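J.: My questions concern the predicted model and sequence given below.
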Amino acid sequence: MLSVLIWLPIIGAAIIGLLPDTIIPKNRIRLVSLTLSFLVLLWNGFILFKFDLKTPGMQFQEYLPWNETLGLSYQLGVDGLSILMLVLNSLLTWIAIYSSSQNTERPRLFYSMILLVSGGVAGAFLAENLLLFFLFYELELIPFYLLISIWGGEKKAYAGMKFLIYTAVSGALILATFLGIVLLSGSHSFALDTVSTQNISAGMQLLLLTGIIVGFGIKIPLIPFHTWLPDAYVEASAPIAILLGGVLAKLGTYGLLRFGLGLFPDTWSIVAPTLAIWGAITAIYGSVIAIAQKDIKRMVAYSSIGHMGYILLAAASSTNLALVGAVAQMFSHGIILAILFHLVGIVEAKVGTRELDKLSGLMSPIRGLPIVSALLVLGGMASAGIPGLTGFIAEFIVFQGSFSTFPIPTLLCVASSGLTAVYFVILLNRTCFGRLNNDLAYYPRVIWAEKIPALILASLIIFLGVQPTWLVRWSETTTTAMVAAIPTPEKTVISQVALK
């Protein structure tokens, strides 16, 4: 059941990439890719429908021995930590393909790379074997590099190479850590359910956990590993920026929770105060730098860094409510960033610029882009955490769940949320309102087909903001089990008494 989410897009990528034009003409490649991604989305919905909310562990598990000598097995499973990430991956893949230009150059390579990314990301979210996770984690590296370097902006080669170097270092650190965990624990398998760090010394646990945090911190990215993000997000085309910010970054936050908190519960409580402060610094930094930007796409890119800090704060707090909020924030951030990048792409295509100093009056009902502007206002409000929208729900749960454990970092993140409102007011005020530039009047018409992705995402943002149960219900049981595994002083005393 789960293998369909991985192999349907990967096999589809192979078919599109290898079959000649006589079988799949160039003008049909986009339609075939769109159909395959929609089938994956439907199958994801079926799995979501069958998902048991009361089961904290893995569901729909698949197991196939692969290489027993290496301890590598094809082992898949889904739980409350990964189910929403799978839905997000398939949804944004469909949106990225749909919003891509019908005149894209080299469409066979372009769409096959997007489908390959979709399959690799799904495999990483589903893998229950450390080596299998690493293989899928690295599978998206080259496709994303090509998607940035070939179809990007003016500095696409620089941005693509920078992305490649940073993410390669991330993968190397994670692989080294996984190998260290298995070797030092004496395990003969990389299967997640058999790996234990209990027999590893405290010092080595701290070293291994540092490798996990830095490795996934590059992918998220956290300060100071963030310098690849603005270049990659800005130079990538809008559909690829949607996948970079909406999906790829979630591999980093998911990895921190699954392998950092999940494998090192004892050591996690030691580094948690540092992580909370790190999260607050990341949130403040991202928001302050976003305010100074003149390019609206770069502003949205830096806003992503700030919101990732909230997830790190929630992971550090490790309360039931905070972890539920972390998963909710991951999903909410994905769809909010997707609508913003999509709309920025439309503005750039119709107006010809992303510069704040050159944009104004797009809300004009006659000569502007009124519906696009209205949706951009909605996306900005959601990112700023306005009540009634999904961004508010996710942030509120994170802050409420984290305040009792780390009050000062939480207050700093709340302040960062206020700064988010500042830079989005600047963006919206200069872009949507004011006097329309007569020299650039009468922009090309935005047809309804171009608005469909934004309308779908806007509907989700509103629905999940009004009905937050549909956002948090999937992860509650799993995150509760994760919190129960974290040692506390009370648990330690009870266990010592029991031993006596």
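T.: The structure has been received and is ready for your questions.
J.: So for stretch 47-61, what gets flagged as buried?
T.: Using 16 or more other CB atoms under 10 Å as the burial criterion, the residues of stretch 47-61 that qualify are 47, 51, 56, 58, 59, 60. For the C-beta atoms, the positions are set from N, CA and C on the backbone; glycine is no exception.
J.: got the phi/psi numbers for residue 295?
T.: Main-chain dihedrals, residue 295, degrees, to the nearest 10: phi -100, psi 120.
J.: And the buried residues of stretch 47-61, which is closest to residue 75?
T.: Closest approach between the buried residues of stretch 47-61 and residue 75, by CB to CB: residue 58, at 9.2 Å.
J.: Find the nearest non-adjacent residue to that closest one, please.
T.: Nearest non-adjacent residue to residue 58, counting by CB to CB, 6 or more residues apart in numbering: residue 77, 3.0 Å away.
J.: pLDDT at that neighbour, what is it?
T.: Per-residue confidence (pLDDT) for residue 77: 95.
J.: Repeat that for residue 500.
T.: With respect to pLDDT, residue 500 has a value of 41.
J.: so how far is whichever strand or helix holds residue 314 off the chain centroid?
T.: For residue 314, the element it lies in under DSSP states H and E is helix 296-317. Relative to the centre of its chain, helix 296-317 is centred 11 Å away, using CA atoms, centre = their mean, to the nearest Å.
J.: relative orientation of the following helix or strand past it and helix 296-317 in degrees?
T.: Per DSSP H and E, the first helix or strand lying C-terminal to helix 296-317 is helix 320-351. Taking axes from the mean of the first three to the mean of the last three CA atoms, to 10 degrees, helix 320-351 and helix 296-317 form an angle of 170 degrees between their directions.
J.: Tell me the buried residues in helix 320-351?
T.: 320-348, 350-351.
J.: and if you look at stretch 481-488?
T.: By neighbour count on 16+ other CB under 10 Å, the buried set for stretch 481-488 is 481, 482, 483, 486.
J.: Out of those residues, list just those in helices.
T.: The helices, defined by DSSP state H, take in 481, 482, 483 from the buried residues of stretch 481-488.
J.: tell me the contacts of the second one?
T.: With contact set as CB atoms under 8 Å, 6 or more residues apart in numbering, residue 482 has these partners: 81, 257, 261, 262, 318, 323.
J.: Same question for the first one.
T.: By CB under 8 Å, 6+ apart, the residues touching residue 481 are 56, 57.
J.: can you give me the strands for the stretch 151-300 of the chain?
T.: For the stretch 151-300 of the chain, no strands are identified by DSSP state E, counting those that start in this stretch.
J.: all helices for it, in order.
T.: For the stretch 151-300 of the chain, the helices defined by DSSP state H, counting those that start in this stretch cover 156-185, 202-219, 228-235, 238-243, 249-255, 265-291, 296-317.
J.: Export those helices as CSV, with columns for distance to residue 29 and mean pLDDT.
T.: Below are the helices of the stretch 151-300 of the chain laid out as CSV (distance: least, CB to CB, whole Å; pLDDT from 0 to 100):
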stretch, distance to residue 29, mean pLDDT
helix 156-185, 22, 93
helix 202-219, 30, 94
helix 228-235, 24, 92
helix 238-243, 15, 94
helix 249-255, 27, 93
helix 265-291, 36, 93
helix 296-317, 27, 92
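J.: Tabulate these (CSV), appending distance to residue 70 and mean neighbour count.
T.: Shown next, in CSV, are the helices of the stretch 151-300 of the chain (distance: least, CB to CB, whole Å; neighbours: other CB atoms under 10 Å):
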stretch, distance to residue 70, mean neighbour count
helix 156-185, 10, 18
helix 202-219, 19, 20
helix 228-235, 31, 24
helix 238-243, 31, 27
helix 249-255, 21, 25
helix 265-291, 26, 21
helix 296-317, 30, 27
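J.: Please convert the ones you listed to CSV, extending it with distance to residue 460.
T.: Shown next, in CSV, are the helices of the stretch 151-300 of the chain (distance: least, CB to CB, whole Å):
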stretch, distance to residue 460
helix 156-185, 28
helix 202-219, 24
helix 228-235, 22
helix 238-243, 14
helix 249-255, 16
helix 265-291, 23
helix 296-317, 17
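J.: Where does the residue nearest to residue 58 sit: helix, strand or coil?
T.: Here residue 77 is recorded as strand under DSSP: H, G, I helix; E, B strand; the rest coil.
J.: buried residues in the strand or helix carrying residue 44?
T.: Using DSSP H and E, residue 44 maps to helix 26-50. Across helix 26-50, burial judged by 16+ other CB under 10 Å covers 29-30, 32-34, 36-37, 39-41, 43-44, 47.
J.: Counting by contacts, list what it packs against.
T.: Here helix 26-50 touches helix 3-18, helix 83-99, helix 107-126, going by 3 or more CB pairs under 8 Å, 6 or more residues apart in numbering; DSSP states H and E.
J.: Specify the local secondary structure of residue 102.
T.: Assigned state for residue 102: coil (three-state reduction, three-state DSSP).
J.: Number the chain from 26, please
T.: Sure, I'll start counting at 26 from here, so that last one is residue 127.
J.: Isn't it up against residue 54?
T.: No - look at residue 127 against residue 54 with CB atoms under 8 Å: they stay out of range, at 10.2 Å.
J.: Quickly note the distance from residue 417 to residue 498.
T.: As judged by CB to CB, to the nearest Å, residue 417 and residue 498 stand 18 Å apart.
J.: Report the central residue of this structure.
T.: Nearest to the geometric centre of the chain sits residue 275, at 2.8 Å (CA atoms, centre = their mean).
J.: quick one: contacts for that residue?
T.: Contacts for residue 275 (CB under 8 Å, 6+ apart) come out as 110, 113, 355, 359.
J.: quick one: contacts for the third one?
T.: Translated: residue 355. Contacts of residue 355 (CB under 8 Å, 6+ apart): 109, 110, 113, 275, 278, 279, 336.
J.: Swap in 6 Å and give it another go.
T.: Neighbouring residues of residue 355 by CB atoms under 6 Å, 6 or more residues apart in numbering: 275, 278.
J.: can you check residue 401 too?
T.: By CB under 6 Å, 6+ apart, the neighbours of residue 401 are residue 368.
J.: now with 8 Å?
T.: Counting by CB under 8 Å, 6+ apart, residue 401 has contacts 365, 368, 369, 372, 453, 456, 457.
J.: Which strand in the protein has the most residues?
T.: Using DSSP state E, we find that the single longest strand of the chain is strand 84-92.
J.: ok now it, how far from the chain's centre?
T.: On the basis of CA atoms, centre = their mean, strand 84-92 sits 25 Å off its chain's mean C-alpha point.
J.: And for it, what's in contact with it?
T.: Residues external to strand 84-92 that are found in contact with it (CB under 8 Å, 6+ apart): 26-28, 72, 75-77, 97-104, 153, 157.
J.: Please produce a ChimeraX select command covering the buried subset of the residues you listed.
T.: Buried residues within the contacts of strand 84-92, by 16+ other CB under 10 Å, are selected in ChimeraX with:
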select :27,72,76,97,98,99,100,101,102,103,104,153,157
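J.: Thank you, goodbye.
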